[in-house]
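J.: For reference, the sequence and a predicted model appear below.
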Amino acid sequence: MSEQQSPWSSVDQIANQVLSCTKCVLAETRTQAVPGAGSSSAAVMFIGEGPGKNEDEQGLPFIGRAGKLLDSLLEQVPLLRDDVYITNVVKCRPPGNRDPEPDEVAACLPYLQAQIELIDPRVIVTLGRHSMLRFYPQGKISNDHGRIINIGKRVLLPVYHPAAALRNPRLNETLKQDMKRIPEAVRESLLLNANAGNGRNRVQSAVQKDSSPILADEPDTTFLTGSSDNEEPEDSSGEQDQMTLF
Ligand code: URA
Ligand code: SF4
């Protein structure tokens with residue numbers, strides 16, 4: 001869906017439509033939909049996979065155990081919840097916290113895409129492998145976590161899912177370190193936009209050689225994919241059960 005075709009002109013309008021949405025079967029089992037929360041002009045947007053039990057009950061994203069960990073990670077950056085926007089790939093809880101099916105992801109993606117277009121964040125932090133794959137289908141979470149990746153006019157920072165970090169102390173430490181790269185990711189997005197605006201005034205990137213952003217060939221509007229057909233088999237990161245943890 002391109003920007004011109006989006007039927008919504010505000011983040012609140014999207015939220016209202018999500019609350020009454022019945023576009024996929026997840027509507028039948030949800031308590032309530034979870035559109036997202038935070039600043040509608042956030043520079044940093046966090047995208048998880050789908051609401052868990054607590055989120056389904058209260059209608060807010062990341063408020064269970066994984067959410068508490070996310071709060072403490074935000075504090076370290078430092079960022080407040082009010083400074084950022086937090087949402088999920090699917091807005092309704094998959095029953096039993098199963099992975100969302102490709103048709104559910106596809107049905108829900110227009111909401112996420114419209115949220116991204118309206119909020120217009122500089123940095124998208126994907127929480128977990130499944131969310132990363134929506135933006136970077138060739139990615140492998142064990143290799144690409146913590147990398148600053150250019151996806152057009154924004155940058156992507158894939159990190160491990162907080163629920164995975166809760167059950168694996170090693171991932172917890174990695175997640176902490178990766179989250180600390182958010183300020184650098186914001187700076188990098190500013191440099192990329194400055195360079196895109198005027199070729200004669202190119203600004204030197206501060207990002208180290210070993211973490212250089214990948215220069216995407218694709219325009220920004222083509223990065224979301226509704227299918228998980230090209231997902232790699234799960235790696236051995238311990239993250240594969242993340243949807244069963246909350
Ligand atoms: N896990 C997610 O992916 N999203 C939430 O909102 C809560 C837990
Ligand atoms: Fe609608 Fe998304 Fe909920 Fe499915 S998951 S019913 S598409 S809001």
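T.: Nice, thanks for sending it over. Ligands and ions are numbered 1, 2, ... in the order given.
J.: Per-residue pLDDT of V203, please?
T.: As predicted, V203 sits at a pLDDT of 54.
J.: Packing partners of the lowest-mean-pLDDT helix or strand in the chain?
T.: Least confident helix or strand, the chain: helix 182-197 with a mean of 91, by mean pLDDT, DSSP states H and E. Applying 3 or more Cβ pairs under 8 Å, 6 or more residues apart in numbering; DSSP states H and E, one finds that helix 182-197 contacts strand 44-48, strand 123-127, strand 155-159. (C-beta placed from N, C-alpha, C; glycine too.)
J.: elements contacting the first one?
T.: In terms of contacts (3+ Cβ pairs under 8 Å, 6+ apart), strand 44-48 is packed against strand 85-88, helix 102-119, strand 123-127, helix 129-135, helix 182-197.
J.: How about the second one?
T.: With contacts defined as 3+ Cβ pairs under 8 Å, 6+ apart, the secondary structure elements packing on strand 123-127 are strand 44-48, helix 129-135, strand 155-159, helix 182-197.
J.: Direction included, what does the third one pair up with?
T.: When pairs are called by DSSP bridges, strand 155-159 turns out to pair with strand 123-127 (parallel), strand 149-150 (antiparallel).
J.: anything in it near ligand 1?
T.: No: counting by Cβ under 6 Å from any ligand atom, ligand 1 has no neighbours in strand 155-159; the shortest distance is 12.1 Å.
J.: Tell me how far that strand lies from the chain's centre.
T.: Here strand 155-159 is found 8 Å from its chain centre; the criterion is Cα atoms, centre = their mean, to the nearest Å.
J.: Check what contacts it and list those residues.
T.: 122-127, 131-132, 135-136, 139, 141, 144-150, 175, 178-179, 181-182, 185, 188-189, 192, 213 (Cβ atoms under 8 Å, 6 or more residues apart in numbering).
J.: ok, back up a step: quick one: distance of the least confident helix or strand of the chain to the chain centre.
T.: Averaging C-alpha positions (Cα atoms, centre = their mean) puts helix 182-197 18 Å from its chain's average.
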